[in-house]
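**Q** fold the following for me, if possible:
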Amino acid sequence: MNWYSDNKPDTPLPALQLNEKLNDPELYVASPGLRAAVDVALTLGQPLLLTGEPGTGKSQLADHIAWYFKLGKPAVVPVQTTSVAKDLYYRYDALGHFQHNQHSKDLLGPAELEDRFISYQGIGQAIRSAQRTVVLIDEIDKAPRDLPNDILTALDRMAFEVPEIKGHFKSDPANTPIVIVTSNSEKNLPDPFLRRVVYYHIQFPTKLELLDILGKKLTGFPKDALQPLVDHFDGLRKDESRLRKKPATSELLLWADLLAKMKFDPQALKDINKLKPAQKDLLKKSYSVLAKTQEDLQALYQLLDK
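**A** Model (predicted):
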């Protein structure tokens, strides 16, 4: 772990050792309430809207559902502050088409225009697909306020228009896409949109649930050594006076995985006042995964320096 800190420029770059279990959709842990919400959305054929803290597994649910039903990789629609409804279905290269018309007298037919200047995006690809797929509309609360309402018709009918080629596309009922929508609740979503989705809020996992998640996804520690990790992490989250931005489940997984790679003994966390200097140094180094601001990182350092 000291390949760079030792300041030896001729040290070879170590091989990257990724824990593939961290992002394995098969190992996704869904609560009974979340599983029930998925069942309702699938039964009604409605989008499932998920809220909850960042890092609690909202986006990863799409990968898990796609794995469970063997539907291939989900189509991801990353929403931006500048997104408009059309961006979720297709993109039209108007400039490229204009330049073509400037340099050629040959007018393109709809099929040629589509092939050269139309690229289908997440929802559009899913609607046009000959098989059922999963679509993830990620962080819809980042979108302009009109966007959720603007996509209602397409989500209700699973159809959209491409006026540039006078095209109309509608999903076969047997291939209706499974739509997962996530929101970090940065702003309220319009009521008409909320009335057309199945809603579920992912609560932050309990300590018992965190132990279950770590037990499934962590490879470097035996299961009976995980309790001190969870207790320490839980204490940091609950100390309102210490951290302004609470670390989430995703940070816990990375932090625990890092400690395993550092060969840090989790039992040492039972009493941080008894940590040896070398253990303190390793723990301080690891805190850069949990803290996301300078103030929070310093607060964690002070915890060890008391």
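**Q** C-alpha only now, for contacts and for neighbours.
**A** OK.
**Q** for the stretch 151-300 of the chain, just list every one of the helices.
**A** Assigned helices in the stretch 151-300 of the chain, in chain order: 152-157, 191-194, 207-217, 227-238, 249-262, 277-290, 294-305 (criterion: DSSP state H, counting those that start in this stretch).
**Q** which residues are contacting the third one?
**A** Counting by C-alpha atoms under 8 Å, 6 or more residues apart in numbering, the neighbours of helix 207-217 from elsewhere in the structure are 21-22, 27-29, 222-223, 226-227, 230-231, 234, 249, 253.
**Q** run the last query once more with 7 Å
**A** Helix 207-217 is contacted from outside by Lys21, Leu22, Leu27, Val29, Lys223, Leu226, Gln227, Val230, Leu253, using C-alpha atoms under 7 Å, 6 or more residues apart in numbering.
**Q** leaving out the residues flanking it, which one is nearest to the fifth one?
**A** The shortest distance from Lys223 to any residue that is not its chain neighbour, by C-alpha to C-alpha, 6 or more residues apart in numbering, is 5.6 Å, and that residue is Gly215.
**Q** report the contact partners of Trp67.
**A** By C-alpha under 7 Å, 6+ apart, the contact list for Trp67 reads Pro25, Glu26.
**Q** tabulate the helices of the stretch 151-300 of the chain in TSV, adding columns for distance to Thr11, mean neighbour count and mean pLDDT.
**A** Shown next, in TSV, are the helices of the stretch 151-300 of the chain (distance: least, C-alpha to C-alpha, whole Å; neighbours: other C-alpha atoms under 10 Å; pLDDT from 0 to 100):
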stretch	distance to Thr11	mean neighbour count	mean pLDDT
helix 152-157	55	15	81
helix 191-194	55	13	89
helix 207-217	31	17	92
helix 227-238	32	17	92
helix 249-262	18	19	92
helix 277-290	20	16	92
helix 294-305	28	15	90
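**Q** Leu95: which of those helices is closest?
**A** Leu95 lies closest to helix 152-157 among the helices of the stretch 151-300 of the chain, at 26.2 Å (C-alpha to C-alpha).
**Q** send the alpha carbons of the closest one over as PDB?
**A** C-alpha atoms of helix 152-157 as PDB (Å, rounded to 0.1, in the frame of the first residue of the first chain):
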ATOM      1  CA  LEU A 152     -45.600  11.300 -19.400                       C
ATOM      2  CA  THR A 153     -47.300  10.500 -22.700                       C
ATOM      3  CA  ALA A 154     -44.400   8.500 -24.000                       C
ATOM      4  CA  LEU A 155     -44.200   6.600 -20.700                       C
ATOM      5  CA  ASP A 156     -47.900   6.000 -20.600                       C
ATOM      6  CA  ARG A 157     -48.200   4.800 -24.200                       C
END
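**Q** helices or strands next to it in the packing?
**A** Using 3 or more C-alpha pairs under 7 Å, 6 or more residues apart in numbering; DSSP states H and E, no helix or strand is in contact with helix 152-157.
**Q** one more time with 10 Å, if that's ok
**A** Counting contacts by 3 or more C-alpha pairs under 10 Å, 6 or more residues apart in numbering; DSSP states H and E, helix 152-157 packs against helix 122-128, strand 159-162.
**Q** show me where the stretch 1-150 of the chain has strands.
**A** Along the stretch 1-150 of the chain, the segments classed as strands by DSSP state E, counting those that start in this stretch run 48-51, 75-78, 90-92, 118-120, 134-138.
**Q** flag whichever of the ones you listed has the least confidence on average.
**A** Ranked by mean pLDDT, the strands of the stretch 1-150 of the chain bottom out at strand 75-78, with a mean of 86.
**Q** roughly how far is that one from the heart of the chain?
**A** Mean-position distance between strand 75-78 and its chain equals 10 Å (C-alpha atoms, centre = their mean, to the nearest Å).
**Q** what does it rub up against?
**A** With contact meaning C-alpha atoms under 10 Å, 6 or more residues apart in numbering, strand 75-78 is reached by 59, 62-63, 66, 87-89, 121-126, 133-140, 142-143, 177, 179-181.
**Q** phi and psi next, for the residue of the chain positioned farthest from its centre.
**A** Relative to the centre of the chain, the most outlying C-alpha is that of Lys105, 46.8 Å out, by C-alpha atoms, centre = their mean. Note on Lys105: its backbone torsions stand at phi -90, psi -10 [degrees, to the nearest 10].
**Q** tell me the contacts of it?
**A** Per C-alpha under 10 Å, 6+ apart, neighbours of Lys105: none.
**Q** alright, that wraps it up for me.
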